[in-house]
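In: Below: sequence and its predicted model.
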Amino acid sequence: MPDPDLTLELTRITDESVPQRDGSFKRHKTYTFYLGKFGPFVERVPTDNFDDAEFGRRVDKLRSHLRLIHV
Amino acid sequence: MVPFDPVALLVMLHAFYPIVTVENLAAARRDRPEYFAGGHLGGSKGEKLFLPDGRIFDLILAAGGPPAGRRWQVLDVTNDPGGEADPFALEEGPIVPMEEDAIIIPRAGPVFGPLVAGELSALEHDDGILAAAAQPAIEFTGAADLSDGYARTVERAAEAHGATAAALDGDPITDLLEAAADSGIVIEGTKHEYDEPEPPDVPEPDPGDRPDDPPKGPPEPI
């Protein structure tokens, strides 16, 4: 059985800042995307402590599990 | 509002929450609410997702079972919300999974004493059998037999050995030493020249003809 098409298709990227109770702000970038025909997936990546590759790692992890269930 | 996609929810749970627990499901609902499409968790153990449109999904297979048997799933149970999510559920057996929160308290009373007493009580009317079984041990004469055998063999051998040793102690060996000293005079193996005639030399044997020599003709008539 051939591998499913899991091409990344980003549909929305937003920067958000959520005020915390201590007065600080929690900033993250929200990605809304499809992997082939599957989705939408929504991943919220913090921008303070994570590097730019964090989103790519999450996409790879989702792809690997999509291949496992291979619906 | 992001539309609900059961495959995306299932893959997200597999990818980011490898340990299947109700607590992890609640954490996923809190950290990634978009995958749950505004639904809320509920059910007897909190493993079901109730969507605003009325659909109900069971998200944990065997949520009440042992952790090793749990699996993520997104199973539509809208028409059977109270039914078992596992269509291949096993029948109840004599051994049931142990509760995770159960605390095993050690028994306070003795364990082996009552067991032994119970086994012995079944034998209380069998004194005759026990007596018969013990009789060979009571009448055992092996020790006396061993003493008799020792006196008959080892002690007699020890007495004979003692007599031989005493006889040897009383027999002086000076005559043997004198005889040994005289033996050198009698033999005199190295004090005289060898005066016997030499044996004759043995002639060298004839090796015969070589195999590649031309054959000799027939012997001439005499």
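Out: Structure received. Numbers count the residues shown, from 1 in each chain, chains lettered A, B, ... in the order given.
In: drop to CA atoms for contacts and neighbour counts, all remaining ones
Out: Will do.
In: By proximity to chain A, which residue of chain B wins?
Out: Closest residue of chain B to chain A, Cα to the nearest Cα: B:Ala8 (5.4 Å).
In: Restricting to C-alpha, output the helix or strand hosting that residue in CSV.
Out: For B:Ala8, the host element (DSSP states H and E) is helix B:6-16. What follows is helix B:6-16, C-alpha atoms only, in CSV (Å, rounded to 0.1, in the frame of the first residue of the first chain):
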residue,chain,number,x,y,z
PRO,B,6,-11.5,12.5,14.4
VAL,B,7,-8.4,11.4,12.6
ALA,B,8,-6.6,14.6,13.5
LEU,B,9,-7.6,14.2,17.1
LEU,B,10,-6.5,10.6,17.2
VAL,B,11,-3.1,11.3,15.6
MET,B,12,-2.5,14.2,17.9
LEU,B,13,-3.2,12.0,21.0
HIS,B,14,-0.9,9.3,19.7
ALA,B,15,1.9,11.8,18.8
PHE,B,16,2.0,14.0,21.9
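In: which other residues reach it?
Out: Contacts to helix B:6-16, defined as Cα atoms under 8 Å, 6 or more residues apart in numbering or on different chains, come from residues A:38-41, A:61-62, A:65-66, B:25, B:28, B:35-36, B:72-74.
In: which one of the residues you listed is nearest B:Ala165?
Out: B:Trp72 (95.3 Å; Cα to Cα).
In: What is the burial count for the closest one?
Out: Using other Cα atoms under 10 Å in any protein chain shown, B:Trp72 has 23 other residues around it.
In: Name the residues of stretch A:34-51 that are buried.
Out: A:Tyr34, A:Leu35, A:Phe38, A:Gly39, A:Pro40, A:Phe41, A:Val42, A:Glu43, A:Arg44, A:Val45, A:Pro46, A:Thr47 (16 or more other Cα atoms under 10 Å in any protein chain shown).
In: Between its first and last residues, what's the separation in it?
Out: 22 Å (Cα to Cα, to the nearest Å).
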